[in-house]
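Visitor: Have a look at this fold, sequence not included:
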């Protein structure tokens with residue numbers, strides 16, 4: 001076993017003790033010919049591939065942080081909150097930007113007039129959209145046409161995106177409403 005800053009190493013390479021200056025304890029740099037700078041593998045059927053342990057109980061301290069020159073990509077905080085695209089996740093999962101879970105899309109833009117709203121929609125057969133157009137309406141849409149809208153005053157429109165009454169049904173057919 002080799003110890004760096006430690007006279008009793010517990011592993012093949014054990015780096016211990018505080019660095020002499022405020023710096024990283026270990027730097028590993030890759031080069032253009034290598035695929036990875038660091039590869040950690042678990043060859044046994046059981047056991048952990050990697051453990052990152054932090055003693056911090058401050059929820060503002062990251063236990064794991066992945067960054068690039070543009071900023072934070074992934075932050076796993078000491079309290080268990082995970083941020084993707086944000087370094088201050090305030091929930092178990094906070095995604096700054098659009099997200100996709102299988103065929104379910106959560107979009108932060110590109111919906112409604114001028115692309116100012118939020119939407120949740122699904123791909124494939126039976127797809128549809130549940131949209132939230134900023135502060136103006138709650139909208140059920142097929143992605144391009146509002147089918148049912150509840151505006152900010154509580155008026156419900158079917159076949160119209162501008163309801164003028166508590167229930168406003170518009171149709172260019174002879175029978176706009178049929179009740180059985």
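Guide: Happy to help now that I have it. Owing to the predicted nature of the structure, the values given are computational and were not obtained by experimental measurement. Numbering: from 1, shown residues only.

Visitor: which element follows the least confident helix or strand in the chain by mean pLDDT toward the C-terminus?
Guide: Every helix and strand in the chain was compared by mean pLDDT, DSSP states H and E; the lowest is strand 129-133, with a mean of 60. Downstream of strand 129-133, the first helix or strand assigned by DSSP states H and E is strand 137-141.

Visitor: gap between residue 106 and residue 96?
Guide: Distance, residue 106 to residue 96, by Cβ to Cβ, to the nearest Å: 12 Å. (Glycine included, C-beta is placed from N, CA and C.)

Visitor: nope, residue 9 is what I was after
Guide: 41 Å.

Visitor: Check residue 70 too.
Guide: Using Cβ to Cβ, we find residue 70 at a distance of 12 Å from residue 96.

Visitor: can you check residue 61 too?
Guide: From residue 61 over to residue 96 the distance is 19 Å, taken as Cβ to Cβ.

Visitor: Of residue 70 and residue 96, give the one with the bigger neighbour count.
Guide: Set side by side, residue 70 and residue 96 show more neighbours around residue 96, with 14 against 6, by other Cβ atoms under 10 Å.

Visitor: didn't that one look like it was pressed against residue 87?
Guide: No. Under the criterion of Cβ atoms under 8 Å, residue 96 makes no contact with residue 87, lying 9.4 Å away.

Visitor: secondary structure element for residue 164?
Guide: Under the assignment given by DSSP H and E, residue 164 is not contained in any helix or strand.

Visitor: What about it, how many residues nearby?
Guide: Residues lying near residue 164 (other Cβ under 10 Å) number 10.

Visitor: quick one: contacts for it?
Guide: Counting by Cβ atoms under 8 Å, 6 or more residues apart in numbering, residue 164 makes contact with residue 155.

Visitor: Please tell me how far the nearest residue to residue 76 once chain neighbours are set aside sits from residue 163.
Guide: Nearest non-adjacent residue to residue 76, counting by Cβ to Cβ, 6 or more residues apart in numbering: residue 64, 4.1 Å away. Separation of residue 64 from residue 163 (Cβ to Cβ): 49 Å.

Visitor: Which one's more surrounded, those two?
Guide: More crowded of residue 64 and residue 163, by other Cβ under 10 Å: residue 163, with 22 against 13.

Visitor: Correct me if wrong: the more buried one contacts residue 156.
Guide: Yes. Using Cβ under 8 Å, residue 163 is in contact with residue 156, at 5.9 Å.
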